[in-house]
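Undergrad: following is a predicted model, sequence given first.
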Amino acid sequence: MPVKFYQEANQVPLEMHKVRMVQKLALLPVEERIKRIQEAGNNTFLLQNKDVYLDMLTDSGVNAMSDLQFAATFQADDSYAGSATFLRVKQAIKEVFGTENVLPVHQGRAAENILAETFVTEGKVALMNFHFTTTKAHITRLGGSVEELICPEGLIPQSDNPFKGNIDLQRLRARIDELTPEKVAFVRVESGTNLIGGQPVSLENMLAVTDVCHEKGVISILDASLLQDNIYFMKTREARCKYMDIRDIYHLLADHFDIIYFSARKLGFAKGGIITSQDPKYTRQMMTFIPLYEGFLTYGGIDVRTMEAMAQGLYESLDMEYLSQAPEFIDYLCKELDSYGVPVILPAGGLGCHLNAGAFVPDMPHDKYPAGAVAAALYIAGGIRGMERGTLSEQREPDGTERFAELELLRLAVPRRVFTLSQIKYVADRVKWLWDNRKLIGGLQWVEEPSVLRFFFGRLKEINFWQERLAEKFRKDFGDSL
Ligand code: F0G
């Protein structure tokens, strides 16, 4: 239950935890910030964290661990095979998902590699609500393809649909019939949906998807990396979930999906990854790949201390006071910005606040990379590191033409249990300043463009010295402030 404040005007999301370890942050002067972003090829992935005040690049592997997670790391059983630590991970998975068959992998994309190796061959199609970069790269690497069946509201930046990550069920049925079930590698539900603004999927939709899959004889897979946030939205937005026990929701999903996998860098406040299923036949199919790519079946490339932290973190993923913190901060930030007229994805989703960069710089064409430009501008404006989630994050088509992103987003991730509300208010303030000065933001052009996952390593430069003008305006407006 949210804590109600005596004076309504004072109402803010209230953390149900306290900070017991801190990390010093630095905010460089704007003249240094412009140098650093240019040295980083205008790619926020290439910034050094020491030069960043608020690291909102991702919620992956940067969530704060609890005291109990740290304590758990001390009981780690360091053995190559049969470690007691793995038994504790299995016990936690059993508690949370109710499943017995557990394969450890070093992170989420490692699970995707193994799923793709097992189920994707040349010409097969993976149907899903929306792709994630690493998921798609593994499927296409093996000659498969991805088709997205997101409901129409999913791609509308502002809508009042509470579950914009839902799959269009009619299209799902139709595509399985058209392709024939034999050609479908699997149906994958990503909950919540990363690249369209952390938008959740309803329990009703997920269960309906699995019903269709069972009826048609197609494998159903749940990417549960962002399920913690998704469960918060089910509890707060879906009537049937309001009084359901959180554990019952996880169990219901595990009973319906053939396979569940997740990145424990998100779900479980730790690192590592897991593939689990109710039916051992799936884990038997995949298990030979674990020693080949990851490590022995009882550690899968994860350090045992991390596995202990994951096990404890999984228990914490049942606790609404922990689940609610990041989504409530994100909602606060989105509302602050929206009320000022800044275009953000609505309703607020999980993972982070997503600025609609396309609407920030509406005249900028996709091939000047509007979301990348706004990302560079926000680092100059406030030392804040977001992540481009637009055309830069797409892969070029096989013929070399650009694939323009459906949405040009700048994601400001809110790692779980990490930031304070004053830091979130600072972000809102700097974004509002940037919005008021958006006419100064110009485009970017390539200096070095890698052919695969170019957003990780690519380098770009500003077109026409707009960054210097933006920094000058900052100095003028903020005086000698950092
Ligand atoms: N699935 C989803 C929905 C994800 O968001 C991610 C990672 C993965 C799979 C891959 O997991 O990183 O452990 O290999 N998302 C991160 C992000 C990278 O920043 O959004 P991983």
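TA: Alright, I've got the coordinates.
Undergrad: output the longest strand belonging to this protein.
TA: Secondary structure of the chain read by DSSP state E shows that its longest strand is strand 184-190.
Undergrad: nearest to the ligand within the protein, name that residue for me.
TA: Distances between the chain and the ligand by CB to the nearest ligand atom are smallest at Gly108, namely 2.3 Å. From N, CA and C alone the C-beta is placed, and that goes for glycine too.
Undergrad: so after the longest strand of the chain, what's the next helix or strand?
TA: Remark: after strand 184-190, the chain's next helix or strand is helix 203-216, criterion DSSP states H and E.
Undergrad: next helix or strand past that following helix?
TA: Next element after helix 203-216 (DSSP H and E): strand 220-223.
Undergrad: related to what we said a few turns ago, give me the pLDDT for the residue of the chain closest to the ligand.
TA: Turning to Gly108, the model gives it a pLDDT of 98.
Undergrad: pull the number of nearby residues for the closest residue to it other than its chain neighbours.
TA: Nearest residue to Gly108, sequence neighbours excluded (CB to CB, 6 or more residues apart in numbering): Ser263, at 2.8 Å. Neighbour count of Ser263, defined by other CB atoms under 10 Å: 28.
Undergrad: please begin residue numbering at 432 from this point
TA: Will do, 432 is the new start, and the previous item becomes Ser694.
Undergrad: what sits against the residue of the chain closest to the ligand?
TA: Gly539 makes contacts with 565, 654, 656, 692-694, 696-697, 704, as judged by CB atoms under 8 Å, 6 or more residues apart in numbering.
Undergrad: confirm Ile691 sits in a strand?
TA: Yes - using DSSP: H, G, I helix; E, B strand; the rest coil, the assignment for Ile691 is a strand.
Undergrad: could you list every residue that touches it?
TA: Neighbouring residues of Ile691 by CB under 8 Å, 6+ apart: 528, 530, 652-653, 655, 684-685, 706-708.
Undergrad: ok, now how distant is the spatially closest residue to it that is not a sequence neighbour from Gln630?
TA: Nearest in space to Ile691, with sequence neighbours left out and distances taken as CB to CB, 6+ apart, is Leu653 at 4.6 Å. Per CB to CB, to the nearest Å, Leu653 is found 16 Å from Gln630.
Undergrad: compare the two (neighbour count), which wins?
TA: Applying other CB under 10 Å to Leu653 and Gln630 shows that Gln630 carries more neighbours, namely 36 against 27.
Undergrad: chain center to stretch 617-624, what's the gap?
TA: 12 Å (CA atoms, centre = their mean, to the nearest Å).
Undergrad: send the alpha carbons of it over as CSV?
TA: In CSV, the C-alpha atoms belonging to stretch 617-624 read as follows (Å, rounded to 0.1, in the frame of the first residue of the first chain):
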residue,chain,number,x,y,z
PHE,A,617,8.5,-20.2,-31.1
VAL,A,618,6.2,-17.4,-29.8
ARG,A,619,8.0,-15.1,-27.4
VAL,A,620,6.4,-12.7,-25.0
GLU,A,621,8.7,-10.0,-23.6
SER,A,622,7.2,-8.6,-20.4
GLY,A,623,7.7,-5.7,-20.1
THR,A,624,8.5,-4.6,-23.5
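Undergrad: name the residues of the protein found near the ligand, please.
TA: Proximity of the chain to the ligand is confined to 489, 491, 538-540, 563, 565, 621, 625, 654, 656-657, 694, 696, 704 under the rule CB under 6 Å from any ligand atom.
Undergrad: name the member of these with the most neighbours.
TA: In terms of neighbours by other CB under 10 Å, those top out with Gly704 at 30 neighbours.
Undergrad: got the phi and psi for that residue?
TA: Backbone torsions of Gly704, given as degrees, to the nearest 10, read phi -160, psi 170.
Undergrad: before we move on, back to that, just the residues of the chain next to the ligand: which are in strands?
TA: Per DSSP E, the residues of the chain next to the ligand map to strands at 621, 654, 694, 704.
Undergrad: of all these, which comes closest to Arg827?
TA: Among these, Glu621 lies closest to Arg827 (CB to CB), at 22.9 Å.
Undergrad: quick check: closest non-adjacent residue to that closest one.
TA: Nearest one to Glu621, counting by CB to CB, 6+ apart, is Asp654 at 4.4 Å.
Undergrad: quick check: the one you found touching Arg619?
TA: Yes - with contact defined as CB atoms under 8 Å, Asp654 reaches Arg619; the gap is 6.0 Å.
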